[in-house]
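Visitor: what follows is a predicted structure for the sequence shown.
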Amino acid sequence: MNRIDHIRKEEKAYHDFCYDNYTLFEGGSWLHKPVSTVVELLPLFASYKRVNVLDLGSGVGRNSIPIAEWIREADVLGKVVCVDLLDSATEKLRTYAKQFHVSTLIEPIKSTIESYYIKKSAFDFIVAVSSLEHVESEVALHTVLKDMAAGTKSGGINCIIINSDLEEIDVETSKKLDVKVEVNLSTEQMNHILENNYKGWTVLKSLVKQLEYKITRGEREILLRTKAITYVVKNN
């Protein structure tokens with residue numbers, strides 16, 4: 001098994017466990033609420049007659065279902081295309097979409113992010129939360145960002161939250177472990193890549209937040225440390 005396959009096997013096990021053991025929008029995990037930055041951007045589309053949204057690495061709908069609910073309540077046309085690699089994510093997304101009465105506004109697609117074809121000027125809002133670091137390589141990251149930019153309509157917005165300087169530490173032994181992420185770059189490198197791919201765009205938000213939290217891999221408790229970059233840009 002190569003490095004990418006191994007990382008994706010580990011990530012699949014972790015996410016499958018979360019999706020099976022934690023309910024969307026209930027306390028106890030990172031699934032309990034959408035990302036505030038994503039929700040805060042939605043009023044910027046209030047004057048639109050139609051809003052087309054792409055959620056890359058959508059999972060079970062932590063962000064895409066609140067976006068779809070906003071579209072429904074705002075009484076605008078549109079849909080949320082939700083791309084995720086995991087069967088467990090797309091299956092539960094369909095279930096939650098029915099539960100929250102947004103099935104007609106959600107389009108689940110099972111695919112890796114780097115394999116999904118983004119049509120040019122197709123979307124008003126593209127969201128990628130803790131997902132772009134899981135493309136297969138740094139080269140793929142550049143390609144996806146270019147495709148995201150090209151796929152955004154004039155006046156559209158890209159909202160990216162991406163991890164950098166990731167560390168994984170075994171809680172019991174304090175030993176540093178191999179980080180289970182495909183693209184783990186320094187914060188400086190990652191910011192440079194983002195800025196280069198969005199030259200000429202208006203930066204609405206750019207910040208770095210140092211975070212740490214515990215996750216479980218198999219029977220091991222792992223401390224995950226990251227410098228999470230929030231980068232929100234508008235296509236002029």
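Guide: Structure received.
Visitor: render the CA-only coordinates of the biggest strand by length in the chain in CSV, please.
Guide: Longest strand in the chain by number of residues (criterion: DSSP state E): strand 152-170. Output of strand 152-170 as CSV, limited to C-alpha atoms (Å, rounded to 0.1, in the frame of the first residue of the first chain):
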residue,chain,number,x,y,z
THR,A,152,-16.4,30.9,-9.9
LYS,A,153,-18.7,33.5,-11.5
SER,A,154,-17.8,37.2,-11.5
GLY,A,155,-18.7,38.5,-8.0
GLY,A,156,-18.6,34.9,-6.6
ILE,A,157,-16.8,33.9,-3.4
ASN,A,158,-14.4,31.1,-2.4
CYS,A,159,-14.2,30.1,1.2
ILE,A,160,-11.2,28.0,2.1
ILE,A,161,-10.2,26.6,5.5
ILE,A,162,-7.1,24.6,5.2
ASN,A,163,-4.7,23.1,7.7
SER,A,164,-1.0,23.7,7.8
ASP,A,165,2.0,22.8,10.0
LEU,A,166,0.1,19.7,11.1
GLU,A,167,1.4,17.5,13.9
GLU,A,168,0.1,14.2,15.3
ILE,A,169,1.2,13.1,18.8
ASP,A,170,0.4,9.9,20.6
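Visitor: against which helices or strands is it packed?
Guide: Counting contacts by 3 or more Cβ pairs under 8 Å, 6 or more residues apart in numbering; DSSP states H and E, strand 152-170 is packed against helix 36-41, strand 123-129, strand 176-177, helix 187-197, strand 220-234. All C-beta spots, glycine's among them, are computed from the backbone N, C-alpha and C.
Visitor: okay, the angle between that strand and strand 220-234?
Guide: On the basis of axes from the mean of the first three to the mean of the last three Cα atoms, to 10 degrees, strand 152-170 is oriented at 160 degrees to strand 220-234.
Visitor: quick one on the thing from earlier: deepest-packed of the helices and strands packed on strand 152-170, please.
Guide: strand 123-129 (a mean of 24; mean count of other Cβ atoms under 10 Å).
Visitor: what does it rub up against?
Guide: 35, 38, 41, 45, 48, 50-57, 62-64, 67, 78, 81, 113, 118, 148, 151-153, 155-162 (Cβ atoms under 8 Å, 6 or more residues apart in numbering).
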